[in-house]
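J.: This is a predicted model, with the sequence first.
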Amino acid sequence: MTHVRSLSWPNGGESIAGSATPALPSHARRTGEPGAKDPGTEESSNSPFQPTAGPVQAGFFCWDVATGEINCDPLTFSLHGLPEDGPPHLDSFVSRIPESDLPEFVVALQSMLESGGDYQIAYRVAAGEGVWRSLEARGRVLADSAGVPTTMVGVVMDTTAAHERQEAERRGFYEGATRNRRMQQLTAALAAAVTVKDIVAATQAGLQDFGADGFAVVASLPGGLSAVASYGDHDEELAAVCDLRPGVRSLLQDALARRAPVFVASITELAAAYPQLAQAAESSRRRAWAAIPMADSRGPTGVCLMGFASLQEFGPEERALLVAVTGLLAQSLERARMYEAQQALATELQRGMLPPGPLSAPGFTIAARYQAATSGMWIGGDWYDAICLPDGAVALVIGDVQGHSVPAASLMGKLRTAVRAYACEGHGPAAVLTRTNRLLVEFDTDPDRAMFATCCYLVIDLAEGTVEACTAGHPAPALVAPGEPPRLLDITSGLPLGVDPQARYATKLTHIRPGSVLAVTTDGLLEAAEGDIDAGIEAFLAGLERATTADLEVLADELLAGVRRTPRHSDDIALLLARLNAPAAH
């Protein structure tokens, strides 16, 4: 018999564990035992407890706290899995409680005795191998004149069915909450995905939570059905199980023809509905399928086929969820197509406004890079250029128009053309920026749509060995001379272009040796380090340490690869590196 830890009751009686079973008092003996009174006698009628079994199947009991003896009806014994002739002692009933529940039960029992009055307690008892019955006891603790508990009386009921219903409801609520959470996660993942690859990855993770281990999006094209996106399915298996041939009944064809989902819960169902697919299904890794029509803003587009590695019931809630997932998938794929079209247009627009092909100039090795930070039609206004001037000098230009939009890119194209035109007219660096500034102010006729730009303009005279630098609100260029550490040119920067029509710009003249490298960039690279411009400049200069001997194309890639973009700072980047190859005259 299972025992619990010893308890000392308030009245000093024996503990539950190891207590002896004394002879029952006459009023506490069960009917039929030697010495028991007839239920109709006066003594029996005066008993503090009348054992009986009501129509609600409640067992009655009376526990003598001092002795541990329990007077109860046969149903109480039966509910606890005890024989009717078993020892009528608390230990017998406690032995039916699982050991894992005993500490909590004992504490609750002790608390009820100390509190007195009405009580209610729920507990489990063994009902077979690995099976437990849930019981609930309710009643009252009676005490003597000194307040010491003497008797516990009450009823015990089988609450197994009610408990199972509650557990089923709890599991239902939990499963429902889990499904909602998974649906929210999938919705968020699909909303963030912009490419077909990202969408397939997000859908794969989401459908796995719903039990699907493979899916394929089959589009209805003029030439017939064709799989446009999938995971977890080989083309041969898809073709064998679904049969994409026109005029042949299959899950996909039926879903398209009916414009309604087709759910197949087992291979048996598949073979019954589509006999020609039975053999292929037997060799498939899938054991259930769902074919759900897809539609976007243009109308029906195809079918999403989902495969499951185990049999499925496809209840109403699961069907509704899978249909909802398919709807989200269709919307995401449509958005991806629009994104790809916009991205192609934006890329072509950006490419058309930047210099065609690699930059080149006599006596220079030049490497240039442009890296967009945004997607779709949100293109930036960064630009760069190398201009061969009429007097034989070379101008290097880099600029950044405020904002990321088609107007910003359009303005960038205008400014690049203007700078090139003023430079080719023979104007010096300060004059080029002054004229460009006035032109931009004239462009900004609408104050609500006015934009400004920054620019760095360098003129390198190989014959004189000098560089004239002029900046309009732009980061200073870096100079790396042979044998010297990289440094920024000490330049007084003027106002950005387009702010003040009367702005004036100063020019800084610096001598430069053969083999030196000039590096100019936009603030997108310098501010990428958590928005800290000083840290960005330090990282930029550190990356230029070996610029005088490095392959500039490789170095440009390395400088961009070291950029860590953050959600708070994401900007376009333009970069221009130029090495002086020809000897300079002094």
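T.: Cool, got the structure.

J.: by contact count, what packs against the helix or strand encompassing residue 139?
T.: Here residue 139 sits within strand 132-143, counting by DSSP states H and E. With contacts taken as 3 or more Cβ pairs under 8 Å, 6 or more residues apart in numbering; DSSP states H and E, strand 132-143 sits against helix 102-115, strand 117-126, strand 149-158, helix 160-192. (Glycine included, C-beta is placed from N, CA and C.)

J.: so how far is that strand from its chain's centroid?
T.: Per Cα atoms, centre = their mean, to the nearest Å, the displacement of strand 132-143 from the mean C-alpha position of its chain is 48 Å.

J.: Sheet-wise, list the partners of that strand with their directions.
T.: Applying DSSP bridges, strand 132-143 is found paired with strand 117-126 (antiparallel), strand 149-158 (antiparallel).

J.: Please tell me I have it right and residue 123 contacts residue 96.
T.: No. Here residue 123 lies out of contact with residue 96, judged by Cβ atoms under 8 Å, at a distance of 9.3 Å.

J.: What confidence value was assigned to residue 196?
T.: Listed pLDDT for residue 196 reads 84.

J.: Looking at residue 123 and residue 96, which has the bigger crowd around it?
T.: residue 123 (23 against 20; other Cβ atoms under 10 Å).

J.: Bridged to the more buried one, which residues?
T.: residue 135.

J.: Pull the contacting residues for it.
T.: Contacts for residue 123 (Cβ atoms under 8 Å, 6 or more residues apart in numbering) come out as 97, 101, 105, 134-137.

J.: what's the spacing between it and residue 91?
T.: Note on residue 123: its distance to residue 91, by Cβ to Cβ, to the nearest Å, is 15 Å.

J.: How about residue 273?
T.: Per Cβ to Cβ, residue 273 is found 62 Å from residue 91.

J.: Just want to know which of the two has more residues nearby.
T.: Set residue 273 next to residue 91 and count neighbours by other Cβ under 10 Å: residue 91 wins out with 20 against 15.

J.: Quick check: the more buried one touching residue 68?
T.: Yes. Between residue 91 and residue 68 there is a contact at 7.0 Å, judged by Cβ under 8 Å.

J.: separation between residue 92 and residue 213?
T.: Residue 92 is 52 Å from residue 213, by Cβ to Cβ.

J.: actually residue 579, not the one I typed
T.: Taken as Cβ to Cβ, the span from residue 579 to residue 213 is 55 Å.

J.: cool, and residue 458?
T.: From residue 458 to residue 213 the distance is 59 Å (Cβ to Cβ).

J.: So the two - more neighbours on which side?
T.: Set residue 458 next to residue 213 and count neighbours by other Cβ under 10 Å: residue 458 wins out with 25 against 17.

J.: All the strands of the stretch 251-400 of the chain, in order from the start?
T.: Under the criterion DSSP state E, counting those that start in this stretch, the stretch 251-400 of the chain carries strands at the ranges 262-264, 288-296, 299-308, 364-371, 380-388, 394-404.

J.: Can you give me the buried ones in the second one?
T.: To tie it back to what came earlier, the one meant is strand 288-296. By 16 or more other Cβ atoms under 10 Å, the buried positions in strand 288-296 come out as 288-294, 296.

J.: same check, this time on the third one
T.: Of all the residues in strand 299-308, those buried under the rule 16+ other Cβ under 10 Å are 301-308.

J.: Fine, thanks again, bye for now.
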